[in-house]
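# pasting a predicted model and its sequence here:
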2 protein chains.
Amino acid sequence: MTVNRQIVLKRRPNGIPVPEDFALAEAPMPVLAEGEILVRNRCFSMEPAIRGWLDDKESYFPPIPIGGPIRAPSLGEVVESRHPGFQPGDIVRGLNHWEDYSVLTENTILLEKLHPDRSLPLSYYVGPLGGSGLTAYVGLHDVGRIREGDTVVISAAVGAVGGVAGQVARLRGCRVIGLVGSEEKARFATEQLGYHAVVNYRAVPDLAEAVRAACPEGVDVYFDNVGGATLDAMLINMKTYGRIIACGMIAAYNRQDNPPPIFNLWEMVARQLEMKGFLLQTYAASIPAAQAQLEAWIRSGALMVSEHKRHGLENAPALFCELMAGKTTGKAVLEIS
Amino acid sequence: MTVNRQIVLKRRPNGIPVPEDFALAEAPMPVLAEGEILVRNRCFSMEPAIRGWLDDKESYFPPIPIGGPIRAPSLGEVVESRHPGFQPGDIVRGLNHWEDYSVLTENTILLEKLHPDRSLPLSYYVGPLGGSGLTAYVGLHDVGRIREGDTVVISAAVGAVGGVAGQVARLRGCRVIGLVGSEEKARFATEQLGYHAVVNYRAVPDLAEAVRAACPEGVDVYFDNVGGATLDAMLINMKTYGRIIACGMIAAYNRQDNPPPIFNLWEMVARQLEMKGFLLQTYAASIPAAQAQLEAWIRSGALMVSEHKRHGLENAPALFCELMAGKTTGKAVLEIS
């Protein structure tokens, strides 16, 4: 093979992205320098965070340039290595691009050699056993400090992160309430994921009232994946000393120039709340134990895995756009075989 | 004396309160029951938090009813006691009302017997040595975890809390930047309170830009007394892992039905920020050491005290309205002699 197919950014999305914002391009096959590793990508993790990198706005990463490949967490197999720590056949995760082959170095963000349980699908390692599941686990434990008996509310409750978070909080003895945007997701949340109660924000006249009805004694921990009006409704439902895990604010991602306003932040003082934003890489020390526990729960069947998969590099934009339009349930994964 | 003069709520303020929202009334002199303490009030602490209690809105305290006396932190002298722990002549602080005499019990919120340094004015014990100073100290240390070398920004920088917080952070080896609303306050902040730099938000076209110019490497700790647009400007100036001490949101107090929107909360995730609201009473265990340190600094001259005083119970409404209109510098105190 002499070319490396990539998905590149054709133009900056306006609001919710559409497949036409992306294009398939070809780059030359990389030639390795000393210390580099060539990986054939197998799975891409579709994540809302990618949406933020598509805008022309400085953030924790620089914006993806027009014509540049789309940065994305991926999982692949080493096919050639000029780094002593990696051998052909190794399975590695890292922040690569939507492309057939990627070059990694030891400075690649999130680089990690995996020892996957071969009895489980490899795609689990970008979902419940990858960034999504680890983010849910570390967020609940290290950031939100959940305790048995806590009332925990989770937004985007059937999403890649929320769907794991809801199950983990339940397994830890919490009462768990999910916020979702459709009746189908509401059914999935209670019947498949084991939420104790669920609120479909599209079906209630007043979200804050509906949460109050579901949590009459207030909320100890809110795992926020969406921000915006949902966060506003939760601020007036928190208990004193409540904790808000600021994991994602998808409501803001599709409209960076016009983010949704928050009005109830005064409650931070009145209720003495703590809100803490986090990115998984900050909690690297907690990852091995989290991964081991999640693997054990999946093997025993205690943790149910929900995936929304597509195949083929050329379908990456369509899958990402489905995710950003709220049309997926569970982990959105692109597989390349 | 057979009557007890009180200031009561005549009508609910609309926005910034005016003296006509209040009235002078007379209640009978209280007769003590077993366990009660009669206190002649000497000083009232004027605080923005009182504004929140004037609205017909449930908060951490119930709203003050129309015709009811205004709840306020005060300091007074015991004149009669049917509680074994208190004797006539004792100086006590507690949450009382704007009135000549108050009845306290051991359940009075913030009740505390003081042993004031008689070489210092008694009014200091509702200001830098009272709730304002203690809030500044506890907020910086227990909530914001300031460290030597931190860049610390303080809003309402010459106010009762901010004016102490700015000095304490400087004494702890931080670089301290104050946000103020007039040139007069800006001069006072640098010349009297020792701020390293100051930004007059009314004199700059873009507050976020002005803060960036003053803190080019970003802000470690933001001590927020105001919320609103100021908080929004600070969110995009925080360093990764920055801490926001949510002490007060005065921008919201005067307009409870129409609080100012916050747009930049996404930065909580992107910069992995922590925002923590607090009320002083939660940190009771930290108060004795804080009070001792503040007293030592005042005695040595390291901490400068700034007061805005009026005399006479009948002037309480006017002073409170000045405070809420942003017309005071330093601690607003009402004295009754």
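Cool, got the structure. In this text the structure is predicted, and so the values were computed from the model without any measurement. Numbers count the residues shown, from 1 in each chain, chains lettered A, B, ... in the order given.
# can you name the residues of chain A sitting close to chain B?
If contacts are counted using Cβ under 8 Å from any Cβ of the partner chain, the residues of chain A sitting beside chain B are A:52, A:59-60, A:227, A:231, A:240-241, A:246-249, A:252, A:259-279, A:282. No exception for glycine: its C-beta is placed from N, CA and C like everyone else's.
# so of those residues, which ones are in strands?
Secondary-structure check on the residues of chain A next to chain B using DSSP state E: residues within strands are A:Thr240, A:Tyr241, A:Ala246, A:Glu274, A:Met275, A:Lys276, A:Gly277.
# quick one: pLDDT of the fourth one?
Read that as A:Glu274. Residue-level confidence at A:Glu274 comes out at 98, pLDDT.
# what bridges to it?
In this structure, A:Glu274 has the following beta-bridge partners (DSSP bridges): A:Arg243, B:Lys276.
# that one against B:Leu273, yeah?
No - with contact taken as Cβ atoms under 8 Å, A:Glu274 and B:Leu273 are classed as non-touching, separated by 11.2 Å.
# what pLDDT does the residue in the stretch 201-337 of chain A that chain B sits nearest to get?
Using Cβ to the nearest Cβ, the single residue of the stretch 201-337 of chain A nearest to chain B is A:Pro261, 3.2 Å away. Model confidence at A:Pro261, given as pLDDT, is 90.
# likewise A:Leu9?
Each residue has a pLDDT score; the one for A:Leu9 is 97.
# distance check, the residue nearest to it when sequence neighbours are not counted against A:Ala49.
Nearest in space to A:Leu9, with sequence neighbours left out and distances taken as Cβ to Cβ, 6 or more residues apart in numbering or on different chains, is A:Ile64 at 5.2 Å. For A:Ile64, the distance to A:Ala49 (Cβ to Cβ, to the nearest Å) stands at 12 Å.
# which non-adjacent residue is nearest A:Val204?
The spatially closest residue to A:Val204, leaving aside those adjacent along the chain, is A:Ala210, at 4.0 Å (Cβ to Cβ, 6+ apart).
# mind listing the helices for chain A?
Along chain A, the segments classed as helices by DSSP state H run A:49-53, A:131-138, A:160-171, A:183-191, A:207-214, A:228-235, A:250-253, A:267-270, A:287-300, A:316-324.
# helices or strands up against the last one?
Helix A:316-324 is packed against strand A:22-28, strand A:307-311, strand A:331-335, with contacts defined by 3 or more Cβ pairs under 8 Å, 6 or more residues apart in numbering or on different chains; DSSP states H and E.
# at 6 Å what do you get?
In terms of contacts (3 or more Cβ pairs under 6 Å, 6 or more residues apart in numbering or on different chains; DSSP states H and E), helix A:316-324 is packed against strand A:331-335.
# what comes into contact with the strand it packs on?
A:43-44, A:46, A:123, A:126-127, A:132, A:160, A:307-311, A:316, A:319, A:323 (Cβ atoms under 6 Å, 6 or more residues apart in numbering or on different chains).
# okay, now A:Gly15: neighbour count?
Residues lying near A:Gly15 (other Cβ atoms under 10 Å in any protein chain shown) number 12.
# let me know the pLDDT of it.
pLDDT recorded at A:Gly15 is 90.
# centroid residue for chain A?
In chain A, the centroid-proximal residue (Cα atoms, centre = their mean) is A:Ser132; its distance is 4.3 Å.
# what distance do you get for it to chain B?
The spacing between A:Ser132 and chain B, counted by Cβ to the nearest Cβ, to the nearest Å, is 15 Å.
# likewise A:Ile7?
Using Cβ to the nearest Cβ, which is the criterion applied here, A:Ile7 is 24 Å from chain B.
# show me the contacts for the residue lying closest to that residue once chain neighbours are set aside.
If you skip the residues right next to it in sequence, A:Ile7 has A:Trp98 as its closest partner in space, 3.9 Å away by Cβ to Cβ, 6+ apart. For A:Trp98, the set of contacting residues under the criterion of Cβ under 6 Å, 6+ apart consists of A:Ile7, A:Ile70, A:Ala72, A:Ala316.
# ok, these vs A:Ala289, which is closest?
Looking at the contacts of A:Trp98 and their distance to A:Ala289, the nearest is A:Ala72, at 26.0 Å (Cβ to Cβ).
# could you report the neighbour count for the closest one?
Under the criterion other Cβ under 10 Å, the count of neighbours that A:Ala72 has is 24.
# repeat that for the one 4 residues further on.
Other residues near A:Gly76 come to 26 when the count uses other Cβ under 10 Å.
# also A:Ile244?
A:Ile244: 25 surrounding residues under other Cβ under 10 Å.
# and for A:Ala49?
21.
# check A:Asn200 too.
Counted with other Cβ under 10 Å, the neighbours of A:Asn200 add up to 19.
# chain neighbours aside, what residue packs nearest to it?
Nearest in space to A:Asn200, with sequence neighbours left out and distances taken as Cβ to Cβ, 6+ apart, is A:Ala186 at 4.7 Å.
# check contacts around that neighbour.
Neighbouring residues of A:Ala186 by Cβ under 6 Å, 6+ apart: A:Val180, A:Val198, A:Asn200.
# pLDDT value on the second one, please?
In this prediction, A:Val198 carries a pLDDT score of 98.
# do the same with the first one
Note for A:Val180: predicted pLDDT of 96.
# against A:Gly162, how distant is it?
The spacing between A:Val180 and A:Gly162, counted by Cβ to Cβ, is 9 Å.
# quick revisit: which among the ones in strands among the residues of chain A next to chain B end up buried?
Neighbour counting by 16 or more other Cβ atoms under 10 Å in any protein chain shown classes A:Ala246, A:Glu274, A:Met275, A:Lys276, A:Gly277 among those as buried.
# neighbours around A:Val199, how many?
The number of residues packed around A:Val199, counting by other Cβ under 10 Å, is 26.
# excluding its backbone neighbours, what's nearest it?
Leaving out its chain neighbours, the residue that sits closest to A:Val199 by Cβ to Cβ, 6+ apart is A:Ala210, at 4.7 Å.
# hang on, the earlier thing: redo the ones in strands among the residues of chain A next to chain B as CSV? Include distance to B:Thr151.
Putting these into CSV (distance: Cβ to Cβ, whole Å) gives the following:
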residue, distance to B:Thr151
A:Thr240, 31
A:Tyr241, 28
A:Ala246, 22
A:Glu274, 22
A:Met275, 21
A:Lys276, 20
A:Gly277, 19
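# list just the nearest of those residues to B:Val39.
The shortest distance between B:Val39 and any of those, using Cβ to Cβ, involves A:Thr240 and amounts to 28.6 Å.
# right, and that closest one touches A:Arg271 too?
Yes - counting by Cβ atoms under 6 Å, A:Thr240 does reach A:Arg271; the two are 5.3 Å apart.
# the closest residue to A:Ser81 other than its chain neighbours pairs with what?
Excluding its sequence neighbours, the residue lying closest to A:Ser81 (Cβ to Cβ, 6+ apart) is A:Ile37, at 4.9 Å. When bridges are assigned using DSSP bridges, the partners listed for A:Ile37 are A:Ser81, A:Leu104.
# check contacts around A:Ile37.
A:Val78, A:Ser81, A:His83, A:Phe86, A:Leu104.
# repeat that for A:Thr108.
Contacts of A:Thr108 were listed using Cβ under 6 Å, 6+ apart, and they are A:Gly94.
# before we move on, back to that, can you pull the pLDDT of the residue nearest to the centre of chain A?
On the pLDDT scale, A:Ser132 is placed at 92.
# surely it meets A:Gly163?
No - with contact defined as Cβ under 6 Å, A:Ser132 and A:Gly163 do not form a contacting pair (8.3 Å).
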